[in-house]
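Asks: Please work out how this folds:
(2 chains)
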Amino acid sequence: MAQVIPGQGVQKRIKFPEYDRTKGRITSLLTGDQAIPQKNGTVLVKGARLETYKYDGVKRKVDLIMEAPTCLFEFRTRVASSSGPMRVYRADGGAVLEGRGFSWRQNPSLLVISNNVRTMTKQGFSLNE
Amino acid sequence: MNNVIKHWVLLGMMTTSAGMAAVKPKEPEKTVISAENFTFNPQKNIAVYQGDVVVIDAQMDLLCDKLTIHFANKDKAPKKSALPTPNKSGAGTKPIESGKPAVAPMVGLGGNIDRILAEGDVEIINKKDKTRAVGGHALYTASTEILVLTINPKLYTKQGVLIGKVIEYNRVTGSLSAKQAVLENDGKPKPPSDK
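Replies: Numbering: from 1, shown residues only, chains lettered A, B, ... in the order given. So this is what the prediction gives:
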């Protein structure tokens, strides 16, 4: 995988990790099949997948997985967003959430789904089990 | 009045899972929540559904304008109270088996719910007996398994309409209580309306 630098051409199999700098550990990872830099400092990510992580001591657990055919990622704000369809699910398959239009901000963490939200769940969205 | 409450308790607004579980306990029951939009704050452990919220659950349907789910913090998760659970008939109780939940989690969202707040034109429909409760505000607390309906709460049953200042339902015991309750149309025909 490759890190995308603004100004570069189309990149394949990209990843944008986010870190908790105080603890030095990864908190989320946005990956994509393709990244196309845009003029406004954003990157159009195709085949986007975002994983968020939680920690049980030092053990890392995947919490939520978000998937979208495309999304825009803004380097400055570290916000991923899209007006298209998206899907979120828990790593353990306990819940699936679908909608249209989303925004994910890493710090502080906030997921907003704008339209036609539909959740199918067997359990909640946090790893409190 | 007492008879109505007893009858309603026997039917149990949301206790169907205990009786039905013995018949077909196989697959975990899914819950579907639809809304116009959704916000999830993992750090605060809060999920908010807004706009024509509809919850379709195995036991009940819930409709409201806004649904806020507060998830329990892992380190501060409330412990379930060791309350008895009603048996099939609802007349008696049986002890809770250790490690197993007494009743299905509220709206099927799992055991990590702390509380659920429904606001704005709240409507709860029991699928088994078709009783319907409405109000402006409903709060479910997982640790106590109690659902409190306020702001002009009304309970529509076959016996009539129960109106109270606060209608409270305990999912574990199946008991229902209403403060300053009034029952309308208790088996009597409606009086002719004044014109």
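Asks: hmm, who's touching stretch B:34-54?
Replies: Stretch B:34-54 is touched from outside by A:52, A:63-64, A:97, A:99, A:108-119, A:125-126, A:128, B:33, B:56, B:61-73, B:114, B:118, with contacts defined as Cβ atoms under 8 Å, 6 or more residues apart in numbering or on different chains. Using the backbone N, CA and C atoms, a C-beta is placed for each residue, glycine as well.
Asks: So is the least confident helix or strand in chain A by mean pLDDT next to chain B?
Replies: In chain A, the helix or strand scored least confidently by mean pLDDT, DSSP states H and E is strand A:11-20, which has a mean of 90. No. Using Cβ under 8 Å from any Cβ of the partner chain, strand A:11-20 never reaches chain B; the gap is at least 11.7 Å.
Asks: Just the buried residues of that strand, please?
Replies: Buried residues in strand A:11-20, counted by 16 or more other Cβ atoms under 10 Å in any protein chain shown: A:11, A:14, A:16, A:18.
Asks: between those residues, which is closest to chain B?
Replies: Taking Cβ to the nearest Cβ as the measure, chain B lies nearest residue A:18 of these, at 12.9 Å.
Asks: Strands - which of the contacts of stretch B:34-54 land there?
Replies: Residues of those located in strands (DSSP state E): A:52, A:63-64, A:97, A:99, A:110-119, B:33, B:56, B:61-71, B:114, B:118.
Asks: Just the buried residues of the residues you listed.
Replies: By neighbour count, with 16+ other Cβ under 10 Å, those hold A:52, A:63-64, A:97, A:99, A:110-114, A:117-119, B:33, B:56, B:62-71, B:114, B:118 as buried.
Asks: sec struct for the residue nearest the centre of chain A, please.
Replies: Nearest to the geometric centre of chain A sits residue A:50, at 2.9 Å (Cα atoms, centre = their mean). When classified by DSSP: H, G, I helix; E, B strand; the rest coil, residue A:50 comes out as strand.
Asks: Help me confirm that it comes into contact with residue A:66.
Replies: Yes. Counting by Cβ atoms under 8 Å, residue A:66 is a contact partner of residue A:50 at 4.3 Å.
Asks: so what sits against both of those two?
Replies: A:80, A:104.
Asks: ok, residues contacting the helix or strand harbouring residue B:134?
Replies: Applying DSSP states H and E as the criterion places residue B:134 in strand B:132-141. For strand B:132-141, contacts defined as Cβ under 8 Å, 6+ apart pick out B:13, B:62, B:64, B:106, B:113-126, B:146-156, B:167.
Asks: Just the buried residues of those residues.
Replies: B:13, B:62, B:64, B:106, B:113-119, B:122-126, B:146-150, B:153, B:155-156, B:167.
Asks: Any stretches of chain A with poor pLDDT?
Replies: By pLDDT under 70, the low-scoring segments of chain A are A:1-8, A:123-129.
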